[in-house]
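Visitor: just the structure for this:
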Amino acid sequence: MFKKLLGVAAASAASVLVLAGCAGGSTATPTDTSTPTDSETAVAGGLIGVSMPTQSSTRWISDGESIKAEMEAQGFEVDLQFAEDDIPTQVAQLEAMLTKGAKALIIAAIDGTQLTDVLQAAADAGVPVIAYDRLIRDSENVDYYATFDNFKVGVQQATSLLVGMGVYASEESTSADGPNAAGPWNIELVAGSLDDNNAFFFFDGAMSVLQPLIDSGVLVVKSGQTAIEQVATLRWDGAVAQDRMEDILVSSYADGSKVHGVLSPYDGLSRGIIAALVDAGYTADDLPTITGQDAEVLSVKSMLAGEQYSTIFKDTRELAKVASAMAIAILNGTEPEVNDTTTYDNGVKVVPSFLLTPYIVTVDNYQELLIDSGYIAEADLGAWTLFGAYCPRTQMETPMWATCWPPIAATPWFRLPAAWWPLSAFRIWWWSKPPMLC
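Guide: Just a heads-up that it's a prediction; the model follows:
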């Protein structure tokens, strides 16, 4: 009921395309013309260390590869490392980069408070440090910060939640003016990891929109969990979010009441939340409005399937250009371009920053923002082919023919007739996961 009150035709069209495979609001362009990417490379190459937190999120893989490509195009060698959300590993990788003679470090920190010593080593060696998307705290040795307007991200997430629930009439609304403005509607809140400074900006931005409606009774948080310490998700782990949502459903919704909306700050958490709801008996027809962030392919597929309502698009290609331009400017002895010198206090200093613009994505505008911009290839969404569909229970992709053929999609191989075993084996080989699906 609350999934989508605007753009129903677009969602229906997407559903028709998916079913066909089985058988056989207004947003500006994401191009930020002010992005400072035109600095000339005067330095004669050298090694740049790039440290990303994990490969478990496609977002960070994309970020790392974008920075690598940008710096290599400027004649630099790049040491790109992923720390798999392990702080000692990230510290060791950064130390190794310094030992190899890195001229600059671009760091997306796992825990922005745990890099003080290695950053001091970088400063002692005269190596500049650029914090990438996540602010590094408690150190004076952070030269610049490249990120998005993270408070605005939170505002956008809350706004899209309210539009999807019908409390807001449009993304331009600033008060309850939609068809469901009266309430009361049940929502639950999810936040990111407390060791990530961005989690606070996202949550504060969202609560600046939601809190007045909670106070007025239009929105009700049945679990009673409204403080960020109560709703945080360590390491942005989707399994943790899934477990918490399962607990909430048992403790607060056993009376038969329904969740109408979930504020989720990241697509990976959204998929875990959806899995918990599906396990509890929710279907695409009565799933709550669920937000997200990062425009990950699996979550865009989930949006097209009528499960997740929205995501936030942060064009990491542009962010990679900003961070690369900062590093090159510093190495050239010039001052990088920034557009914020007041917001990001890391506890020791205000870090000069460049903020890029985020965008709300729904089924109404994903084509323009994600496909037409080249951020996601249309073929990767799998809506137009026989090769894939998104399964909310496993949070993975399933071959379309398996989805359409229940005996293969839902039956363990050893219970299939022998003639079907090769198809089941092919399915295991193709997707590298057990044959028990949705």
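
Visitor: after the helix or strand where residue 161 lies comes which helix or strand?
Guide: If you go by DSSP states H and E, residue 161 is part of helix 150-165. Sequence-wise, the next helix or strand downstream of helix 150-165 (DSSP H and E) is strand 185-189.

Visitor: average pLDDT across that next one?
Guide: When pLDDT is averaged over strand 185-189, the result is 98.

Visitor: low pLDDT regions in the chain?
Guide: 1-44, 383-438 (pLDDT under 70).

Visitor: all strands of it, in order?
Guide: Taking DSSP state E to define them, one finds strands in the chain at 47-52, 77-82, 104-107, 129-132, 144-148, 185-189, 219-220, 261-263, 289-290, 311-313, 353-356, 359-361, 389-391, 396-398.

Visitor: those into TSV, with extra columns for mean neighbour count?
Guide: Bear in mind the C-beta positions are built from the backbone N, C-alpha and C, glycine included. Listed next are these as TSV, based on neighbours: other CB atoms under 10 Å:
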stretch	mean neighbour count
strand 47-52	26
strand 77-82	18
strand 104-107	27
strand 129-132	28
strand 144-148	26
strand 185-189	24
strand 219-220	21
strand 261-263	26
strand 289-290	30
strand 311-313	27
strand 353-356	22
strand 359-361	24
strand 389-391	25
strand 396-398	19
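
Visitor: so which of these is nearest residue 275?
Guide: Checking the strands of the chain against residue 275 by CB to CB gives strand 389-391 as the closest, at 9.2 Å.

Visitor: picking that back up, export the helix holding residue 161 as CSV, just CAs?
Guide: Taking Å, rounded to 0.1, in the frame of the first residue of the first chain, the C-alpha atoms of helix 150-165 are listed here in CSV:
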residue,chain,number,x,y,z
ASN,A,150,26.1,13.9,4.0
PHE,A,151,23.5,15.8,6.0
LYS,A,152,21.6,16.4,2.8
VAL,A,153,21.8,12.6,2.1
GLY,A,154,19.9,12.0,5.4
VAL,A,155,17.4,14.7,4.5
GLN,A,156,16.8,13.0,1.1
GLN,A,157,16.4,9.6,2.7
ALA,A,158,13.8,10.8,5.1
THR,A,159,12.0,12.8,2.3
SER,A,160,11.9,9.8,0.0
LEU,A,161,10.6,7.7,2.9
LEU,A,162,7.7,10.1,3.5
VAL,A,163,6.9,10.4,-0.3
GLY,A,164,6.8,6.7,-0.6
MET,A,165,4.4,6.4,2.4
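
Visitor: separation between residue 127 and residue 76?
Guide: Look at residue 127 and residue 76: by CB to CB, to the nearest Å, they are 14 Å apart.

Visitor: shared neighbours of these two, anything?
Guide: Common contact partners of residue 127 and residue 76 (CB atoms under 8 Å, 6 or more residues apart in numbering): residue 103.

Visitor: go ahead and flag the most central residue of the protein.
Guide: Centroid-nearest residue in the chain, with CA atoms, centre = their mean: residue 294, separated by 3.0 Å.

Visitor: give me the nearest residue to it, chain neighbours excluded.
Guide: Nearest residue to residue 294, sequence neighbours excluded (CB to CB, 6 or more residues apart in numbering): residue 59, at 4.4 Å.

Visitor: and the gap between the one you found and residue 186?
Guide: 29 Å.

Visitor: what's the end-to-end length of stretch 221-238?
Guide: The first and last residues of stretch 221-238 sit 21 Å apart, counting by CA to CA, to the nearest Å.

Visitor: residues in contact with that stretch: which ones?
Guide: Outside stretch 221-238, the residues that touch it by CB under 8 Å, 6+ apart are 57, 85, 110, 186-196, 199-200, 203, 214, 240-241, 244, 248, 251-253, 257, 259, 266, 268-269, 271-272, 395.
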